[in-house]
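model this:
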Amino acid sequence: MTLQMDLPTADDYPTRKTTEPSLLYRRDPVTWSRENDGPFEPDELSGYEQRGYTQVRSLVTPEEVETYMTELRRLGDDPKLREDERVVVEPASDEVRSVFEVHKISEVFSDLVNDPRLVDRARQILGTDVYVHQSRVNYKPGFGGGSFYWHSDFETWHAEDGMPRMRAVSFSVALTDNYTHNGALMIMPGSHKTFVSCVGETPDDHYKASLKSQHVGTPDQRSLSMLAERHGIDVLTGSAGDVTVFDSNCMHGSGGNITPFPRSNVFIVFNSVENTCTKPFSAGAARPEFLGATDTTPVGR
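Numbers count the residues shown, from 1 in each chain. Below you'll find the model as predicted:
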């Protein structure tokens, strides 16, 4: 099913519309299901509700990790794929940074986005069937993996893709060990309950620049300082095969990797089928399909 709604929707999370940033209260639940049916135990859901994230250790087997790493290397070495707009390279080194819509490029990753270990957890959090809003593999090689500045994914998805509500969840499947020193994901726990309204109008075709280095849609330093002082910062370390599940509005980022140890992951965004995108709330046109899907066919069915 492909659906892009054009009906006007009230904007509860205005951003990129004023000259001053602001902090807004979240107006959506964090967990949408009224039932405990699903893989998460009640205490895991409670922790997710409170922190905005949870980690599932060793969800993916070592054999599966090796399969995914082999496929990741194949994609990164494919010269034809490098000409594809879905492949983003590092500005300085020209090494592959990300491959988007990877579940449509690779059968291996298509199987992963339909895996019940992921899909059932996403359904449990969001309370409905889910579809893939975005998928990608991230490469952060040793001695050169670039940073991802602090941001809320929902701010971009709302402003540029037209996602109405905070009813999406991200799964980061670690394909390498994550240390404190090789660019591990950092999250401000509890920040998902505050929306940071950013300043600056969205330029046309903003995605072309923002995928390499984002400036518009990033929080101001004062707001970041307030959130960090209020919530602190968690550095999410772990082993290959671990999966980090986090809310769409978590304030998160990662530093560059100057160590010899690479950090790679598969990143999948599941959105509720009741939260399909409308027109962008703060952009002239929606981003391409590989960044914000209009195909809302439920996965895992």
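
Please make it C-alpha for all contacts and neighbour counts, starting now.
Will do.

count of residues packed around Arg26?
Arg26: 18 surrounding residues under other CA atoms under 10 Å.

where does the stretch 201-301 of the chain have low pLDDT?
210-215 (pLDDT under 70).

Which parts of it are strands?
Ranges of strands in the stretch 201-301 of the chain, per DSSP state E, counting those that start in this stretch, are 234-236, 243-247, 251-254, 263-272.

Longest helix of this protein, counting residues only.
helix 62-77 (DSSP state H).

How about the spatially most central residue of the chain, nearest residue that isn't a chain neighbour?
In the chain, the centroid-proximal residue (CA atoms, centre = their mean) is Ser170; its distance is 5.0 Å. The spatially closest residue to Ser170, leaving aside those adjacent along the chain, is Val269, at 4.4 Å (CA to CA, 6 or more residues apart in numbering).

so who does that neighbour touch?
Neighbouring residues of Val269 by CA atoms under 8 Å, 6 or more residues apart in numbering: Val132, His133, Gln134, Ser135, Ala168, Val169, Ser170, Phe171.

Pipe these into a markdown table and attach pLDDT, distance to Leu75 and secondary structure per row.
Formatted as a markdown table, the contacts of Val269 follow (pLDDT from 0 to 100; distance: CA to CA, whole Å; DSSP: H, G, I helix; E, B strand; the rest coil):
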| residue | pLDDT | distance to Leu75 | secondary structure |
| --- | --- | --- | --- |
| Val132 | 98 | 20 | strand |
| His133 | 98 | 21 | strand |
| Gln134 | 98 | 17 | strand |
| Ser135 | 98 | 14 | strand |
| Ala168 | 98 | 27 | strand |
| Val169 | 98 | 25 | strand |
| Ser170 | 98 | 22 | strand |
| Phe171 | 98 | 20 | strand |
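
can you put those in CSV and add distance to Asn36?
Output for the contacts of Val269, formatted as CSV (distance: CA to CA, whole Å):
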residue, distance to Asn36
Val132, 23
His133, 25
Gln134, 26
Ser135, 27
Ala168, 18
Val169, 17
Ser170, 20
Phe171, 20
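
most surrounded residue in the residues you listed?
Greatest neighbour count in those, by other CA under 10 Å, goes to Val169: 30 neighbours.

what's the distance between Arg230 and Ala168?
Arg230 sits 24 Å away from Ala168, going by CA to CA, to the nearest Å.

I meant to write Ser98 there.
The spacing between Ser98 and Ala168, counted by CA to CA, is 21 Å.

can you pull the contacts of Arg26?
Contacts of Arg26 (CA under 8 Å, 6+ apart): His192, Lys193, Thr194, Phe195.

any idea where the helices of the stretch 151-300 of the chain begin and end?
Ranges of helices in the stretch 151-300 of the chain, per DSSP state H, counting those that start in this stretch, are 153-156, 207-210, 221-231.

coming back round to it: can you redo the contacts of Arg26 as TSV, where the extra columns are distance to Leu236?
As requested, these are exported to TSV (distance: CA to CA, whole Å):
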residue	distance to Leu236
His192	16
Lys193	19
Thr194	21
Phe195	22
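
Let's see if you can find the most crowded of these.
Highest neighbour count within the contacts of Arg26: His192, with 27 neighbours (other CA under 10 Å).

Leu23 versus that one, what's the distance?
If you go by CA to CA, the gap between His192 and Leu23 works out to 11 Å.

ditto for Glu49
Distance from Glu49 to Leu23, by CA to CA: 20 Å.

hmm, back to that, bridging residues for the residue nearest to the centre of the chain?
Phe246, Val269 (DSSP bridges).

hang on, it packs against Ile268?
Yes: applying CA atoms under 8 Å as the test, Ser170 and Ile268 come out as touching, 5.7 Å apart.

Now do the same for the nearest residue to Ser22 once chain neighbours are set aside: its pLDDT.
Excluding its sequence neighbours, the residue lying closest to Ser22 (CA to CA, 6+ apart) is Ser197, at 5.2 Å. Per-residue pLDDT puts Ser197 at 97.

Would you check that Ser197 makes contact with Thr19?
No: the pair Ser197 / Thr19 is not scored as a contact, 10.2 Å apart, by CA under 8 Å.
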